[in-house]
Each structure stands twice: as structure tokens, then as C-alpha cells.
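K.L.:
I need the structure of the sequence given here:
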Amino acid sequence: MNSIEPDSTQEPQAHGRTESEFVIEALALGKNKRVRKLLGRMHPAKIAALLELLDAGQRTALWQQVDAALESRILSHLNSNLSQQLAGESSDVLPQEQPAPALSGGFKLNKVNHLTAVREALGQGKLKRLGKILQRMHPAKVAGMLEGLPPVERAKVWSMVDTDRTGKVLTYLHDEIRTKLAQDLDPDDLIASVQALELDDLVDLIQTLPPALGSQLMQATSGGRRQQLDSMLSYAQDSAGGLMNMDAIEVRADVKVSTVLRYLRLRETLPPQTDMLMVLDRRGHYQGVLRLSALVTSALEARVADVMQTDIEAIAVETQDTEVARIFQDQDLLSAPVVDAQGRLIGRITVDDVVDLIRDESDRTLMQMAGLDDEADMFAPLLVSSRRRAVWLGINLVTAFLAAWVIGQFQATLTQLVALAVLMPIVASMGGIAGSQTLTLVIRGLALGQVQKGNIRVLLNREVGISILNGVLWAVVIALLAVAWFGDWGIGGVLGVAILINLLCAAVAGLAIPLVLHRLGIDPALAGSVILTTVTDVIGFFAFLGLATVLLL
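P.N.:
Below is the predicted model:
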């Protein structure tokens with residue numbers, strides 16, 4: 001026989017325990033969502049009786065979870081003193097929006113520092129105020145604020161987000177924080193919170209949550225929505241199939257405009273980001289699009305075939321998501337059809353998902369250039385963050401020892417000409433900056449598909465030319481400054497030549513490193529800067545100290 005674990009979401013009367021006992025237990029555990037759910041099942045008179053039994057601290061904490069619509073009914077069951085005290089707790093007002101400076105044309109924007117307001121409400125124990133602040137915020141802003149709070153405060157704020165909004169908030173969070181907060185929810189609350197999500201958002205959520213949670217969400221979905229969910233989950237997360245939604249409106253080419261308009265009126269609402277209808281043949285093959293702008297301006301007797309567009313190419317379902325983003329950018333699309341290998345329409349991609357993709361890719365690139373996880377929680381535990389950063393610090397240490405070894409080979413030279421030790425950082429710094437400029441340019445070109453086999457030689461010639469011009473300019477300037485400082489034309493000349501050599505090598509390395517890493521399947525943004533720094537340091541020190549050894553000693 002299989003054992004059955006007790007379910008924390010079962011009815012309060014289970015095992016003979018009273019509703020009040022369940023409320024007190026949930027309150028002690030900080031399960032504010034659970035407290036609000038239990039209070040919603042209780043009669044106001046029972047809630048009043050429970051409030052009278054609690055001590056002052058528990059009473060205040062419980063009252064903070066009472067729905068505003070029930071307050072007056074509960075207060076009517078309390079004695080006058082307690083009623084006045086709790087009514088005073090409810091009279092707390094929200095922070096007022098502060099007028100911002102006037103913009104051009106006399107317009108003004110009102111702003112509230114939500115993070116400050118939330119932390120003040122937490123500090124004062126004003127959870128009702130906190131709930132109202134969160135209710136006024138867009139889910140994306142709630143997510144951003146949660147990521148900006150330490151774990152303890154984050155958990156308290158999360159407990160005050162309404163269950164019907166938690167699913168949408170989860171879709172805006174980074175994976176690491178999303179998983180932790182989703183696990184903090186009762187399973188029933190998590191399932192209820194995601195039912196209103198669009199299918200593509202639900203797919204993204206299931207793919208990033210632990211398998212057990214993802215399975216629960218899938219099992220809670222049934223009917224046609226479950227079939228669509230299974231179909232979308234069958235595609236790779238980084239493909240057009242992983243980005244698409246299956247809410248495209250389909251029409252035939254042989255129907256009249258008036259028929260399409262009647263059909264849309266019967267629907268009453270359109271899917272979000274709908275700017276075009278998909279035109280299909282009888283077998284479901286994609287033929288073109290009917291833009292809404294053309295639909296509403298065409299004659300009612302005109303046929304769809306006469307006003308449709310056939311120049312909007314469909315995106316293959318297996319297309320990489322980065323290629324999808326490039327298509328949207330190049331063609332200024334708001335939505336695009338997605339087809340299978342036989343050309344049958346299976347869904348559409350909308351610009352909001354592409355914007356999310358571009359934002360995530362930018363965040364990932366920025367974080368990886370510093371050797372950090374793109375989903376890292378900036379308030380993650382110290383040991384976790386230390387372990388992540390230690391790897392890259394260790395790699396950097398190896399490269400630093402390599403540069404130090406090169407310097408050590410010229411110890412006798414440095415002993416005789418101390419000025420060289422003073423000027424060495426200039427050579428390395430100039431090479432590093434010049435190389436990073438080329439590196440960034442090439443990484444961006446690779447991401448946008450602008451750097452390809454046919455134009456690499458042209459790009460190399462261009463970068464070498466720029467390095468020569470800048471190298472000559474700054475070599476002369478720095479050489480003259482070195483002569484003015486140390487009064488030695490030899491040192492100035494060696495410094496100038498070393499800088500010119502390092503800038504040329506930096507340009508070549510800045511182009512070659514990302515191309516080689518890309519060819520090997522390694523993200524250039526992840527390792528490119530570390531390798532480039534090593535190359536420019538080693539070449540810079542070797543050129544400067546080597547020339548000084550040969551020419552000055």
C-alpha cells in the first residue's frame with residue numbers, strides 16, 4: 001500500500017482541528033497567502049472571536065491579512081475598544097506620488113519610489129499598506145523589486161502578492177529567484193496562479209521550474225489547452241517553436257471581408273499583439289497575412305485574396321531564437337507566423353516575446369563578460385556567490401602569473417632602468433583598451449550575423465588601419481610625455497614603438513579570439529575578455545622590455 005502524505009492545503013476541519021488553529025499555525029509560519037485563504041472561508045463572527053483570543057502582536061499580524069471588504073463586518077462583532085484600535089490600523093494611507101520635474105510641453109510624470117515605500121511598510125509592520133502598494137504596481141515592476149530585496153524581506157513581500165497575480169510576476173523573474181519563490185507557494189496556489197497565463201508564458205515557466213513543479217502544472221491543465229501545451233513543450237526552448245503561441249486567428253483566402261468582420265465580432269476579443277490574421281488554404285498551409293489595417297479599410301464585398309499580403313514569409317518552427325529576433329528587427333514585425341516542415345501554420349510569435357528574448361540575451365552577455373551567471377541572484381548566499389566568482393578569479397590568476405613570468409624574464413633590465421617599471425602599465429593598458437574595442441565590435445557583429453566568412457578580411461584590414469592611425473598618434477604623444485618626464489629620448493622611443501606594436505596585436509587578437517571561440521562553439525562573451533587581456537599584457541610587456549633590453553642596455 002502506498003503511504004499518503006498529509007496535504008497542507010486540505011480542508012481545515014481535517015483531523016479534528018479547528019479553522020482557528022489552522023490560521024494561527026499559518027500565521028506563525030509566515031504563510032500569509034495561506035492565512036488570507038483560510039480567513040476567506042470563515043464567517044466574520046468567527047474571525048472576530050479569533051482576534052479577541054490572540055495577544056496584541058498576533059492580533060495585529062492577523063488583522064493585516066484581513067480583506068478590506070470584510071473589515072466593517074468583523075469590527076461590528078468586536079467590543080468598542082478593540083474595534084477602534086483595529087480601525088485605526090486600517091486607516092493607514094498609501095504614500096503619495098511625488099510630482100516629477102516638468103517635461104517639455106508642460107507635461108509632468110508622477111513617480112513613487114516603490115522599493116523605499118515597500119521597505120518602510122515592512123519596517124513598520126504595515127502589511128495592508130504593502131499589499132495596496134503591490135496591487136498598484138505592474139507585475140514586471142513587482143518582479144524587479146523582489147529581485148532588489150534581500151531574501152528575508154523578499155519572502156515577506158512575496159507573501160503579500162495576491163495569488164491571482166503571482167503567476168504573472170513569476171514570468172518576469174530570473175530563473176534562480178523564480179524557482180525559489182515558486183517553491184514557497186502552496187501547490188494549489190501555484191496552480192491557480194498560472195491558469196490565466198498565456199500558453200507561451202506557461203511553457204516558459206514550466207521549462208524553467210524544477211521537474212516536479214512543472215509536472216504539477218501540466219497535470220493541472222486539461223482539455224485542448226493541455227494538448228496545445230504538450231505540443232509547444234515538444235519544441236526546443238531556444239527555437240521558434242519555444243517562442244510561439246498557438247492563438248493565431250486563421251481565415252481563408254476565398255471568403256469576403258464582411259464575413260471576416262462578422263467572425264471577429266463574434267469572438268468579442270482578440271489575442272494580445274494581434275496585428276494580422278493568418279490566411280490558410282483548406283489543408284492548413286500558410287498562404288499570407290491579412291493585416292487588420294487592410295481589413296477595416298477594404299470594401300465589404302472584397303475577398304481576402306484581393307487584400308492579403310503574400311510577402312510576409314513564415315518562420316520555420318526549428319529556427320533558432322536569435323535568428324527570430326533578427327527577423328523581427330530587420331522587418332519591424334509585431335507578429336509573425338510559424339510553420340512546420342510541410343508549411344502548415346502551427347502558431348505565431350509576437351514582439352513582446354522577442355523583446356524579452358533580446359533583454360535576456362543582453363543580460364546574459366553582460367554578466368558573462370564578467371564571468372558571472374546571467375541568472376545570479378545578487379542577494380544569493382555568500383558561499384554560493386563566492387563559489388561562482390572563485391572560478392573566474394582562479395582563471396585570471398593563471399593569466400596574471402603568465403604576465404608576471406614574462407616580466408620576470410627581464411628582471412636585470414628593470415633593475416638597471418627603474419623608469420621601465422613605472423611606464424609598463426601604460427603599454428598594457430593601451431593595448432587592453434584597443435583590443436576590447438575590437439572585441440566588442442566583433443562579438444556584436446557575430447550576434448547580429450554581420451560578421452561572416454566573406455567580410456572577415458575586409459574587417460581585419462579596417463581594424464589594422466585604425467590601430468596604425470591611433471598607434472602612431474598616441475605613440476608620439478606618450479613618447480614625448482615620457483621624454484619630458486624622464487629626460488631620456490631612448491626610453492620615449494622604446495615606449496612609443498611598444499605601444500604601436502601592442503595596438504596592432506590587440507586589433508588582430510580582438511578580431512581573431514571571438515572568431516575562433518565562435519568556431520569552437522564557445523560563447524565569445526564568456527571567455528573573450530580574459531584571453532584578450534592575457535594577450536595584450538604579455539605582448540605589451542614583452543615588446544616594451546624586450547626593445548629596452550636590446551636598444552638601451
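K.L.:
which residues sit in contact with residue 42?
P.N.:
Neighbour list for residue 42: 19, 23, 50 [criterion: C-beta atoms under 8 Å, 6 or more residues apart in numbering]. The C-beta positions use only the backbone N, C-alpha and C, and glycine is treated the same way.
K.L.:
does the second one touch residue 40 like I think?
P.N.:
No. With contacts counted by C-beta atoms under 8 Å, residue 23 stays clear of residue 40, the gap being 11.0 Å.
K.L.:
more crowded one of those two?
P.N.:
Neighbour comparison, residue 23 and residue 40: the larger count goes to residue 23, with 27 against 10 (by other C-beta atoms under 10 Å).
K.L.:
any idea what that one is structurally, helix, strand or coil?
P.N.:
helix (DSSP: H, G, I helix; E, B strand; the rest coil).
K.L.:
grab the nearest non-local neighbour of it.
P.N.:
residue 38 (5.0 Å; C-beta to C-beta, 6 or more residues apart in numbering).
K.L.:
report the buried residues of the strand or helix carrying the one you found.
P.N.:
When elements are assigned from DSSP states H and E, residue 38 belongs to helix 32-41. Residues of helix 32-41 classed as buried: 32-39 (neighbour count, 16 or more other C-beta atoms under 10 Å).
K.L.:
who's in contact with it?
P.N.:
Residues contacting helix 32-41 (C-beta under 8 Å, 6+ apart): 8, 12, 19, 22-23, 26-27, 47, 62, 65-67, 70, 127, 156, 159-160, 163, 185-186, 189.
K.L.:
helices - which of these land there?
P.N.:
Those of the contacts of helix 32-41 mapping onto helices are 19, 22-23, 26-27, 47, 62, 70, 127, 156, 159, 163, 189, per DSSP state H.
K.L.:
most widely separated two among those residues?
P.N.:
Taking C-beta to C-beta as the measure, these span a maximum distance of 23.9 Å, between 19 and 156.
K.L.:
per-residue confidence at the closest residue to residue 208 other than its chain neighbours?
P.N.:
Excluding the flanking residues, the one nearest residue 208 by C-beta to C-beta, 6+ apart is residue 175, at 4.8 Å. The model reports residue 175 with a pLDDT of 82.
K.L.:
residue 175 against residue 210, yeah?
P.N.:
No. Between residue 175 and residue 210 there is no contact, the gap being 10.5 Å when judged by C-beta under 8 Å.
K.L.:
quick one: which of the two has more around it?
P.N.:
residue 175 (17 against 11).
K.L.:
the protein: strands as residue ranges?
P.N.:
For the chain, the strands defined by DSSP state E occupy 98-99, 110-111, 250-252, 276-280, 286-291, 315-316, 335-339, 345-350.
K.L.:
quick one, which of these gets closest to residue 492.
P.N.:
strand 110-111 (54.5 Å).
K.L.:
which of the contacts of helix 32-41 are buried?
P.N.:
Among the contacts of helix 32-41, those buried by neighbour count (16+ other C-beta under 10 Å) are 12, 19, 22-23, 26-27, 47, 62, 65-66, 127, 156, 159-160, 163, 185-186, 189.
K.L.:
what is the neighbour count of residue 506?
P.N.:
Count around residue 506 with other C-beta under 10 Å applied: 28.
K.L.:
tell me the contacts of the closest residue to residue 64 other than its chain neighbours?
P.N.:
Sequence neighbours aside, residue 127 is the residue nearest to residue 64 in space, at 3.7 Å (criterion: C-beta to C-beta, 6+ apart). Residues in contact with residue 127 (C-beta under 8 Å, 6+ apart) are 32, 61, 64-65, 121, 156, 160.
K.L.:
could you rerun that using 7 Å?
P.N.:
64-65, 160 (C-beta atoms under 7 Å, 6 or more residues apart in numbering).
K.L.:
which one of the residues you listed sits closest to residue 469?
P.N.:
Nearest to residue 469 among the contacts of residue 127: residue 160, at 59.7 Å, using C-beta to C-beta.
K.L.:
what about the closest one, distance to residue 45?
P.N.:
26 Å (C-beta to C-beta, to the nearest Å).
K.L.:
what's the answer for residue 302, then?
P.N.:
In this structure, residue 302 and residue 45 are 66 Å apart, going by C-beta to C-beta.
K.L.:
and what of residue 529?
P.N.:
Per C-beta to C-beta, residue 529 is found 67 Å from residue 45.
K.L.:
try residue 126
P.N.:
26 Å.
K.L.:
mind checking which of the two has more residues around it?
P.N.:
Neighbours were counted for residue 126 and for residue 45 using other C-beta under 10 Å; residue 126 has more, 18 against 13.
K.L.:
so what's that one scoring on pLDDT?
P.N.:
pLDDT for residue 126: 85.
K.L.:
can you check residue 509 too?
P.N.:
According to the predicted model, the pLDDT of residue 509 comes to 92.
K.L.:
pretty sure it sits against residue 535.
P.N.:
Yes. If you go by C-beta atoms under 7 Å, residue 509 and residue 535 touch, sitting 4.5 Å apart.
K.L.:
could you pull out the helices for the stretch 351-500 of the chain?
P.N.:
Ranges of helices within the stretch 351-500 of the chain are 351-369, 382-408, 411-416, 418-448, 456-486, 489-519, based on DSSP state H, counting those that start in this stretch.
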